[in-house]
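Asks: Provided below are the primary sequence and the corresponding predicted coordinates.
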Amino acid sequence: MQPFRILPAIMSHEGLSMKPAVLTGEHFMTGDVACAEGALAAGCLFFGGYPITPATEIAEHMAARLPDVCGTFVQMEDEIAAMASILGASCAGIKSMTATSGPGFSLMMENIGLGICTETPCVVVNVQRAGPSTGLPTLGAQGDMMQARWGSHGHYEIIALAPASPQEMFHLTIEAFNLSETYRTPVIVLADEVTGHLSERVIIPEATAIRLRNRPRPKGRKDRFKPFQPGPNGVAPMAIAGEGYGIHVTGLTHDERGYPVMNAETQIEMMERLTQKIQHNLDDILRTETYRMEDAQIVIVSYGISARSSLAAVDEARSMGLPVGLLRLITVWPFPERQIQMLAQRVRGFVTVEINLGQIHLEVQRCAGGKVPAYLVGHPGGAVIQPEQIVETLKAAF
Amino acid sequence: MEKTKQRAEHPLDAILRTDRIPHIWCPGCGIGTAFSACMTAIQRSGIDLQKTVLVSGIGCSGRGAGYTRLDSYHTTHGRAIPFATGMKLANPELNVVIFSGDGDLFAIGGNHFIHAARRNLDLTVVCVNNLIYGMTGGQAAATTPCLAKTTTTPRGNPDPPFNLPLLAFAAGASYVARWTILHTRDLGKSIEEALNRRGFSFIEVLAPCPTGYGRRNKQHPMDTLKMYQERSVIKHGVHPMEAVLDFGSSITLGIFIDQERPTFSENYDKTCRPQAA
C-alpha cells in the first residue's frame, strides 16, 4: 500500500453509484455533512466513530461515503476506542478522523494526549452541546473550549479551529487535516450544535483548487533514522508502520530515538519539542477575521455561532453611532494572544461573546492585562446569544 | 558456571531491540519467557517481518513492545486492541500482534477485547496472565483467583475471576488457546498458527509473578512452575466451558477453538465496498 494514497474516484461498479471524494459544486447541506465532505476532500480514508447527538450525522455521512473512496468506516464500541482507532490508522499511514460531542469528547481525552505525545496526526471534531454531564444533548453550547485546551492531563499545546457556518465546517475540516499533518498533532474542530445542524449553501471547489498538506516523511538511511528528531520547522519526519524503519512509539516520555527515558532532562527536551513546534509556527496556524475594526473603540471577541450574533450586534451598534468592531477567532487554540495584546494598546475595551459562562473571556482578560476592561456576554447553553443582549453590554461599555 | 559458554549472539538478536536490554522484568517473572516464545514464533512463522507490528497496552507485559525491533506501539492502558484495529484496517497488509497483560486486556480493556472478537478482526492477541497488576505492585485483577491475597484484597479476593478462553470464545474469537510459560514449544506453535491464519486469535499464557502475586500467596517461583507441570492437562478441542483453570486441582491447556469465519474486512468489503474486494 502506498501511504497517503488519494484514490481516484470509482464511478461505478455493477450498478453501484460511486461518488468522487470531492463533490465539486453548489450544495445545500448541514454543517455536520459539510464537515464530513471536508474530511473526504482532505483525503481522509478512515473514520472510527461512536454515535452521539449532535455529531451523529458526521458518522452517518462518513459511513455512507467512505466506501465510495475505498476508505473504511468502523463504528467502535465507545469513544475511547474511536480515538484509539484513528491514532492506529494514522500510524499506519492514512488520514483519519472521529467526531463526537461533550460526553464522548471527555472519553477521548486520554488518547488525545497519546496523539500529542506520539505526534500522530488526526482530526477530532467536537460538535458542542450544553453540559456538564449529559446536559442538553440537542441544544448548542460552547462550553468545551477549555476542555479542548487542557482536557488531557499534563501540559501541551493543541490546535483547535472554530467554524461559524456549514461552509466553514467544510473548509476548516480540510484546514484541520492540513495543520495536523504539517505539525504531526491531533487537531480539534470545535463546532457547536447550531452550526452542525444549520443548513446553508456550501460551495465545494474543484479538487485541484484544494491545497492539501501531508506529514513530513523520512529520507535517508533507515537504520540511522531517529523517529523524533525534529526537522527545520521543529517537526520530526514521520515513519509509518510497515515501511521498514523499525520504530518504537510510546506515550512514555521518550528521547529522539523514541525510547522511553525516565528522567527530568528527557521530559524537558520532549516538552520543548512538543510545544515549540506549535509556538514557533503561529504565523501559519493562527487565523482570525475582523469586521469594521478600523476605528473600533470596543472590540467584540467571538467565534463559532456566537460570532454571527456578534456580527449583527456590530451593525446595530454602529447604526447607533457606537464605534464597535468584531474580532472573530477562527483558530481558538493556540490563543491569538499577541493580537489581543496589540489591540489592548489602542481600544477602550473588549466584549467576549460565547455560549458558556466565560472561558475565552478569561483569555481575553489575561491578554488585556488590566490595560482596558474586558466584559462578557455569556450564556450557559441551550440557546444562541441574541444580538440585543450584546448591544446592551456594548452600550454599557461606552 | 565455569562450564557456561559465552555466546556472542542470541538467536533473537535480529528481532530484539538489544540496546534496550536488560529489560525491566523481575527475576522469576514469566513475561520474558512468554515474550521470547512470541518473538521466536514471529521469526519462524515466515511472515514478512517488515510488515509485522507489535502493539502493547500498559503494564509489565505492555513493556514488550519496547524490546522488539519490529515497528512497535506502546499505547494507553487497555487500548492496544482499538489502536491495533485502526492500524489493521488502515493497512490490511500489516500483521498486527497485540502483546499485553491480563489487567490491561481484560479489566480496563475488556470491552475492546469482546468487540474485536465479535468483529473477528484479523488480529493476534497474546495475553500474559499473571493473575495480578504487577507494574503497580500487586493489586487484584479480573483474573485473580478467589481468596487470593493482593494489596487491594488483603483479606483475600472476594471476586471470582474470568475464564479467559471461555470469554474469548463467547465473544466470537475464531482461535482460542491456553498455555503456560512451561509449555514454550506448544505456545510458540500456537502463536505461529495464529499468525498464519485469518481472524481474531487469542492465546492466553499463564505466567508467574513472584514479586506481586507469589510473595503474598506463599508461592515461590519454582512452586508455581511445579504446579504448572503437575496440574496441567492438555485437552485440544474441548469446549471452552470445560477449559478449567483451578490452580488447586487442574489447569486445562490446549487449542480449544480453531474455526475460520469471515473477518471484519471480508464482511465490510462484501457488504459496503464491493469494488475494493
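Replies: Ah, there it is. Numbers count the residues shown, from 1 in each chain, chains lettered A, B, ... in the order given.
Asks: okay, now the unreliable bits of the stretch 151-277 of chain B?
Replies: Along the stretch 151-277 of chain B, the parts satisfying pLDDT under 70 run over B:277.
Asks: show me what from it comes close to chain A.
Replies: Residues of the stretch 151-277 of chain B found near chain A (C-beta under 8 Å from any C-beta of the partner chain) are B:264, B:268, B:272-276. In short, each C-beta sits where N, CA and C put it, glycine included.
Asks: try it again with 10 Å
Replies: Counting by C-beta under 10 Å from any C-beta of the partner chain, the stretch 151-277 of chain B comes close to chain A at B:264-265, B:268-269, B:271-277.
Asks: pull the contacting residues for the residue nearest the centre of chain B.
Replies: Centroid-nearest residue in chain B: B:C127, 1.8 Å away (criterion: C-alpha atoms, centre = their mean). Contact partners of B:C127, counting by C-beta atoms under 10 Å, 6 or more residues apart in numbering or on different chains, are B:34, B:61, B:98-102, B:104-106, B:113, B:143, B:164, B:168, B:178, B:202-207.
Asks: which element, helix or strand, includes it?
Replies: Assessed by DSSP states H and E, B:C127 sits inside strand B:124-129.
Asks: what about the helix or strand that that strand is followed by, distance to the chain center?
Replies: Per DSSP H and E, strand B:124-129 leads on to strand B:132-133 as the next helix or strand towards the C-terminus. With C-alpha atoms, centre = their mean, to the nearest Å as the basis, strand B:132-133 stands 14 Å off its chain's centre.
Asks: ok, residues contacting strand B:132-133?
Replies: Strand B:132-133 is touched from outside by B:59-60, B:101-104, B:107, B:138-141, B:143-144, B:148, B:150-152, B:208-209, B:211-214, B:216-217, with contacts defined as C-beta under 10 Å, 6+ apart.
Asks: what mean pLDDT does that strand have?
Replies: Mean pLDDT, strand B:132-133: 98.
Asks: tell me the strands beside that strand, with direction?
Replies: Strand B:132-133 has the following strand partners under DSSP bridges: strand B:139-140 (antiparallel).
Asks: now the strand it pairs with: average pLDDT?
Replies: For strand B:139-140, the mean pLDDT works out to 98.
Asks: phi, psi of the closest residue to chain B within chain A?
Replies: Taking C-beta to the nearest C-beta, chain B has its nearest neighbour within chain A at A:G88, 3.0 Å off. Reported as degrees, to the nearest 10, the phi and psi values for A:G88 are phi -60, psi -40.
Asks: per-residue pLDDT, the closest residue to it other than its chain neighbours?
Replies: Closest residue to A:G88 apart from its sequence neighbours, by C-beta to C-beta, 6 or more residues apart in numbering or on different chains: B:G86 at 3.0 Å. pLDDT, B:G86: 98.
Asks: following the helix or strand hosting B:G86 in sequence, what is the next regular element?
Replies: In this assignment (DSSP H and E), B:G86 forms part of helix B:80-90. Next helix or strand after helix B:80-90 toward the C-terminus (DSSP H and E): strand B:95-101.
Asks: which helix in the chain runs the most residues?
Replies: No chain was given, so I picked chain A. In chain A, with assignment by DSSP state H, the single longest helix is helix A:166-183.
Asks: wait, chain B was what I had in mind.
Replies: Chain B, longest helix under DSSP H: helix B:31-44.
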